[in-house]
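1. Give me coordinates for this.
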Amino acid sequence: MAMGDPRPIGIFDSGVGGLTVLSAIRKRLPHEPTIYLADLFHFPYGPRYQDEVRGFAFEIIRYLEARDVKLVVIACNTATAAALNQAREHFEIPIVGVISPGAQAAVDATQNHRVGVISTEGTMRSQEYLHAIKEIDPMIGVFQKACPELVDIVESGDADSPRAEAALERDLAEIVRLGADTLVLGCTHYPLLKPAIERVYPGAFKLVDSALTTAAKVERHLDHSRLRADSTEPRHEVLVTAMPQHFHDVGANIFGETVDAEEVRIWEQQKAQRT
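-> The predicted structure is shown next:
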């Protein structure tokens with residue numbers, strides 16, 4: 001009997017949004033150990049320049065590589081858009097992003113060939129969802145909308161509130177008018193808005209949540225590369241680059257349970273190594 005690969009899966013995001021991806025991976029792959037890293041030192045990634053976000057992503061992947069992970073998941077749409085292709089060329093380690101699984105799921109879901117994508121500014125500017133969807137099916141119309149306020153709403157624990165409903169009513173009105181039957185939640189914070197979306201626009205869309213589709217892709221990759229772990233009690237670590245208390249509070253707000261995070265000062269280490 002061959003032993004499984006006990007090394008952890010590394011998952012990172014700029015904040016708590018990627019916890020939606022982490023929880024989908026843990027549900028789907030209960031035997032896999034994980035290391036989740038939230039880069040709160042540079043949060044949020046959405047409004048930043050792409051090359052800046054790419055730099056952060058490379059440093060985090062280097063850190064996770066040093067922690068001996070067997071696969072890296074970029075659990076952030078902005079960082080996937082900015083860094084995934086270059087990171088795959090640069091690193092030996094397999095890297096999975098959240099955009100192509102979401103694009104594929106949207107193509108599979110749409111009946112009328114009209115897909116809406118809501119995301120951060122950075123993801124929208126990159127046009128990565130548009131390209132990923134059109135590459136699978138060029139006939140699909142893609143309507144993109146940047147919704148920067150939604151991240152703040154989720155982070156402040158208001159995902160299921162009148163404040164969220166008001167913002168969604170405004171942000172999704174145009175996508176509804178254009179007749180999209182499928183909506184890609186193109187930021188890992190957005191799945192937490194599903195109940196509010198259903199209240200504001202009941203039955204208007206099939207909602208595509210890249211957390212679930214990304215977890216499925218991670219599973220396929222582990223099977224294909226024979227990297228599955230078989231630990232009965234896998235170890236889970238949650239790390240933050242700053243503000244662990246904020247992370248606890250937001251995690252508790254969002255998931256109704258406290259997420260214990262340990263602070264790792266990777267940016268100070270980076271600076272020290274360079275000087």
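2. Just give the closest residue to P47, not the sequence neighbours.
-> The shortest distance from P47 to any non-neighbouring residue, by Cβ to Cβ, 6 or more residues apart in numbering, is to E121 (5.6 Å). C-beta coordinates here come from the backbone N, C-alpha and C atoms, glycine included.
3. contacting residues for that neighbour?
-> Applying Cβ atoms under 8 Å, 6 or more residues apart in numbering to E121 gives the contacts 46-47, 146, 148.
4. How about V53?
-> 45, 78-79, 82-83, 122.
5. Quick one: the helices in the protein, in order.
-> Residue ranges of the helices in the chain, as given by DSSP state H, are 19-28, 50-66, 77-90, 99-109, 121-126, 128-136, 148-155, 162-177, 194-200, 210-224, 244-255, 266-274.
6. Compare those and report which one is nearest to E233.
-> For E233, the closest of these is helix 19-28, at 12.7 Å, according to Cβ to Cβ.
7. quick one: average pLDDT of that closest one?
-> Averaging pLDDT along helix 19-28 gives 93.
8. Give me the buried positions along that helix.
-> Residues 19-22, 24-26 are the ones in helix 19-28 that count as buried (16 or more other Cβ atoms under 10 Å).
9. could I get the residues you listed as a markdown table with distance to D137?
-> Below are the buried residues of helix 19-28 laid out as a markdown table (distance: Cβ to Cβ, whole Å):
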| residue | distance to D137 |
| --- | --- |
| L19 | 31 |
| T20 | 26 |
| V21 | 25 |
| L22 | 30 |
| A24 | 25 |
| I25 | 27 |
| R26 | 32 |
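10. for the residues you listed, which one is nearest E174?
-> Closest approach between the buried residues of helix 19-28 and E174, by Cβ to Cβ: T20, at 25.0 Å.
11. neighbour-wise, which of the contacts of V53 leads?
-> Most neighbours among these, by other Cβ atoms under 10 Å: T78, with 33 neighbours.
12. thought L130 was touching V142?
-> Yes: using Cβ atoms under 8 Å, L130 is in contact with V142, at 4.9 Å.
13. Give the residues shared as contacts by these two.
-> V117.
14. and the two? which has more neighbours close in?
-> Neighbour tally, L130 and V142, criterion other Cβ under 10 Å: the higher count belongs to V142, 21 against 17.
15. what sits against that one?
-> Counting by Cβ under 8 Å, 6+ apart, V142 touches 115-117, 129-130, 133-134.
16. Just among the residues you listed, which is most surrounded?
-> Using other Cβ under 10 Å as the neighbour criterion, V117 leads these with 30 neighbours.
17. Not counting sequence-adjacent ones, nearest residue to E169?
-> Excluding the flanking residues, the one nearest E169 by Cβ to Cβ, 6+ apart is V200, at 5.0 Å.
18. For that neighbour, which residues are in contact?
-> V200 sits in contact with 165, 168-169, 172, where contact means Cβ under 8 Å, 6+ apart.
19. and L178, how many neighbours?
-> Per other Cβ under 10 Å, the neighbour tally for L178 reads 11.
20. Using PDB, write out every CA atom in stretch 174-181.
-> Extracted in PDB, the C-alpha atoms of stretch 174-181 (Å, rounded to 0.1, in the frame of the first residue of the first chain):
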ATOM      1  CA  GLU A 174     -27.400  46.600 -15.200                       C
ATOM      2  CA  ILE A 175     -26.500  42.900 -15.400                       C
ATOM      3  CA  VAL A 176     -30.200  42.100 -14.800                       C
ATOM      4  CA  ARG A 177     -31.300  44.600 -17.500                       C
ATOM      5  CA  LEU A 178     -28.800  43.000 -20.000                       C
ATOM      6  CA  GLY A 179     -30.500  39.600 -19.300                       C
ATOM      7  CA  ALA A 180     -27.600  37.600 -18.000                       C
ATOM      8  CA  ASP A 181     -28.900  34.300 -16.500                       C
END
